[in-house]
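Colleague: Need a 3D model of the sequence below.
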Amino acid sequence: MSSTANFSENSEVAVSKGLRSSSNISSRQPFFRSVQSGPAKSVKVITRAMSASAENTPLPGLPVDLRGKRAFIAGVADDNGYGWAIAKSLAAAGAEILLGTWVPALNIFESSLRRGKFDESRVLPDGSLMEITKVYPLDAVFDNPDDVPEDIKSNKRYMGSSKWTVKEVAESVKEDFGSIDILVHSLANGPEVVKPLLETSRYGYLAAISASSYSFISLLQHFAPIMNPGGASISLTYIASERIIPGYGGGMSSAKAALESDTRVLAFEAGRKHRVRVNTISAGPLRSRAAKAIGFIDMMIDYSSANAPLPKELSAEEVGNVAAFLVSPLASAITGSVVYVDNGLNAMGVGVDSPIFENLELPKEA
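Modeller: Okay, the predicted model is just below:
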């Protein structure tokens, strides 16, 4: 597997009434008619998310209100991962959505959007469809065109696409929209993830670090200058950064540890220089396309359901809703934090489903 591959990190729950959708597809310009066919190119859909009067109308209570905000979510290549769920929650709160999709996956992703395969997944709490204003080709392993080796440039999966390095995408977003308010990093890849750390090669280890943690530094480095003061960025991490998770190898546990450490340092630097907040969400296991590549995701979900304080399967929407809160003004004093969204599994010191505890009287639902 090439080190250039970036996979999206990716059940239904009731969505907070505070997440009110104000994004609607215009009947005069349906999304599927606006997507270009043919070689991989950026996709742009121009529609008004809401009327001027709606945008200025205060919402009741204490809602997550992202109206007038623009978000760039890097790492969305399908409709079943955390990146997609975060995009939906931000859209439900009123944000304008821009996506960055891994170049080799772009054609399939765009085709699925055109053909309406994601329409069911695009439905927001108010019944409208999530609006995606533009999709950019992106490979966050490469910072600028000079970093791209010839074998990648000539690879047929990249041919027909252009301006997909981090620097070029940031420049394109600036040219198209001027600025953003929210940056989401939903990228991870470890070409040797199935190998124990003791058997991981230098290449595999560094590739995992590059794709899964340094890519966040690069994105923030290039996007922070076009982020409005008071903006926010978030990434996705995993409990393997601080606990032993056998099977999560190839340097991925190290990459997640680096990502969490970088979150704290970047929170200081980006906060002082750009007035941008930086947090990461430590999400529990999810049956996403990327997670299935590890090979034992079903076991991890079963283990979590059996041992977490909240004995249920985590949904992508739950992570998306926390992300919406973290990038909203309601979280204006939260930065440099690792926020656990895992049904409380991180708090456990033992697995209560162990035969050792078979005679232990556990709390039961009343």
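Colleague: Please identify the buried residues of whichever helix in the chain runs longest?
Modeller: The longest helix of the chain (DSSP state H) is helix 252-274. Going by neighbour count (16 or more other C-beta atoms under 10 Å), the buried part of helix 252-274 is 252-260, 262-263, 266-267, 270, 274. Placement of C-beta: from N, CA and C, glycine included.
Colleague: which residues are contacting it?
Modeller: 188, 190, 193, 197, 205, 208-209, 211-214, 216-217, 220, 224-225, 227, 229, 231, 233, 235, 237-238, 240-242, 245, 276-280, 282, 335-338 (C-beta atoms under 8 Å, 6 or more residues apart in numbering).
Colleague: From the residues you listed, which land in helices?
Modeller: The helices, defined by DSSP H, take in 205, 208, 209, 216, 217, 220 from those.
Colleague: Just give me the closest of the residues you listed to residue 344.
Modeller: Nearest to residue 344 among those: residue 216, at 25.6 Å, using C-beta to C-beta.
Colleague: what's the nearest residue to the closest one if we skip its chain neighbours?
Modeller: Spatially, and ignoring its direct neighbours in sequence, residue 216 is nearest to residue 185 (4.4 Å; C-beta to C-beta, 6 or more residues apart in numbering).
Colleague: if I read this right, that neighbour contacts residue 74, doesn't it?
Modeller: Yes. Here residue 185 reaches residue 74: they are 5.7 Å apart, a contact under C-beta atoms under 8 Å.
Colleague: Quick check: neighbours shared by the two?
Modeller: Applying C-beta under 8 Å, 6+ apart, one finds that residue 185 and residue 74 are jointly contacted by 215, 219.
Colleague: of these two, who's got more company?
Modeller: Comparing residue 185 with residue 74 by other C-beta atoms under 10 Å, the one with more neighbours is residue 185, at 30 against 27.
Colleague: so who does the more buried one touch?
Modeller: Residues in contact with residue 185 (C-beta under 8 Å, 6+ apart) are 74, 75, 215, 216, 219, 220, 233, 234, 235, 236.
Colleague: hang on, residue 239 packs against residue 341?
Modeller: No. Using C-beta under 8 Å, residue 239 makes no contact with residue 341, being 10.9 Å away.
Colleague: Which neighbours do those two have in common?
Modeller: In contact with both residue 239 and residue 341: 282, 284, using C-beta under 8 Å, 6+ apart.
Colleague: thinking again about what came up before, relative to residue 167, which of the contacts of residue 185 is nearest.
Modeller: Nearest to residue 167 among those: residue 219, at 10.3 Å, using C-beta to C-beta.
Colleague: Before we move on, what's the pLDDT of the closest one?
Modeller: With respect to pLDDT, residue 219 scores 98.
Colleague: Count residues in the vicinity of it, would you?
Modeller: Residues near residue 219, counting by other C-beta under 10 Å, number 26.
Colleague: isn't it right next to residue 183, touching?
Modeller: Yes. With contact defined as C-beta under 8 Å, residue 219 reaches residue 183; the gap is 6.3 Å.
Colleague: Pull stretch 109-122 out as PDB, backbone CA atoms only.
Modeller: Extracted as PDB, the C-alpha positions of stretch 109-122 are listed here (Å, rounded to 0.1, in the frame of the first residue of the first chain):
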ATOM      1  CA  PHE A 109     -17.300   9.800  -4.500                       C
ATOM      2  CA  GLU A 110     -18.500  12.400  -7.000                       C
ATOM      3  CA  SER A 111     -20.300   9.700  -9.000                       C
ATOM      4  CA  SER A 112     -22.100   8.500  -5.900                       C
ATOM      5  CA  LEU A 113     -23.200  12.000  -5.200                       C
ATOM      6  CA  ARG A 114     -24.400  12.500  -8.700                       C
ATOM      7  CA  ARG A 115     -26.400   9.300  -8.800                       C
ATOM      8  CA  GLY A 116     -28.000  10.000  -5.500                       C
ATOM      9  CA  LYS A 117     -26.500   7.100  -3.600                       C
ATOM     10  CA  PHE A 118     -25.800   9.400  -0.600                       C
ATOM     11  CA  ASP A 119     -29.200  11.100  -0.700                       C
ATOM     12  CA  GLU A 120     -30.500   9.100   2.200                       C
ATOM     13  CA  SER A 121     -27.400   9.800   4.200                       C
ATOM     14  CA  ARG A 122     -27.600  13.500   3.400                       C
END
